[in-house]
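Q: Here is a sequence together with a model predicted from it:
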Amino acid sequence: MSRLVRTFVLRSDQHAQGLWAFLKANWRAFADRGVPLAITVTEHKSKRSIEQNKRYWALLNELAAAAWVGGRQFNAEAWHEYFKRKFIGYEELPGGETAGISSTTLDVGEFSAYMERIEAHASTELGVEFDHVPTH
């Protein structure tokens, strides 16, 4: 049996009624099975937009084509991993390895700031200017 995960974003009375209908139809069955539902309420943050994602990968591809470090160039995936670790952080994996924290954890505003940091770093540390990256 899969684990239940449902997200309700309450933007209107209809959305709130949908949440209430779901709870009325299901809470008792779960409680009777010894797996009561837990409800967490938090502000909704939109994840990065499709436009932001396109711009991000255009930025990384342009960087990969223009940047040289230690006499070498690196592909967009390498830059993606590098900047995740540098600006978002990293987590330790079994065996002591590390991986960058996913950029999908950032909301729209945080992702915009992340891209600005990448552009600033590329300019000041790598001498790369982005003239052709779409702004949307």
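A: Great, that's in hand. Numbering: from 1, shown residues only.
Q: excluding its backbone neighbours, what's nearest the residue nearest in space to the middle of the chain?
A: By C-alpha atoms, centre = their mean, the chain has its centre lying nearest to residue 104, at 1.2 Å. Leaving aside its sequence neighbours, residue 104 sits nearest to residue 47 (C-beta to C-beta, 6 or more residues apart in numbering; 6.6 Å). Heads up, the C-betas are built off the backbone N, CA and C, glycines and all.
Q: which residues touch the one you found?
A: Neighbouring residues of residue 47 by C-beta atoms under 8 Å, 6 or more residues apart in numbering: 104, 106-108.
Q: can you check residue 99 too?
A: Contacts of residue 99 by C-beta under 8 Å, 6+ apart are 81, 90-91, 93.
Q: thinking again about what came up before, so what's the residue nearest to residue 104 scoring on pLDDT?
A: Residue 47 carries a pLDDT score of 78 in this model.
Q: Could you do residue 113 as well?
A: pLDDT, residue 113: 94.
Q: Does it belong to a helix, a strand or coil?
A: Of the three states, residue 113 takes helix according to DSSP: H, G, I helix; E, B strand; the rest coil.
Q: and it, how many neighbours does it have?
A: Neighbourhood size, residue 113 [other C-beta atoms under 10 Å]: 12.
Q: Please report the distance of the residue of the chain positioned farthest from its centre from residue 26.
A: Distance from the centre of the chain peaks at residue 32, with 36.6 Å (C-alpha atoms, centre = their mean). Distance, residue 32 to residue 26, by C-beta to C-beta, to the nearest Å: 11 Å.
Q: for residue 119, same thing?
A: 47 Å.
Q: ok, now residue 123?
A: From residue 123 to residue 26 the distance is 53 Å (C-beta to C-beta).
Q: now stretch 79-97, how far from the centre of its chain.
A: With C-alpha atoms, centre = their mean, to the nearest Å as the basis, stretch 79-97 stands 14 Å off its chain's centre.
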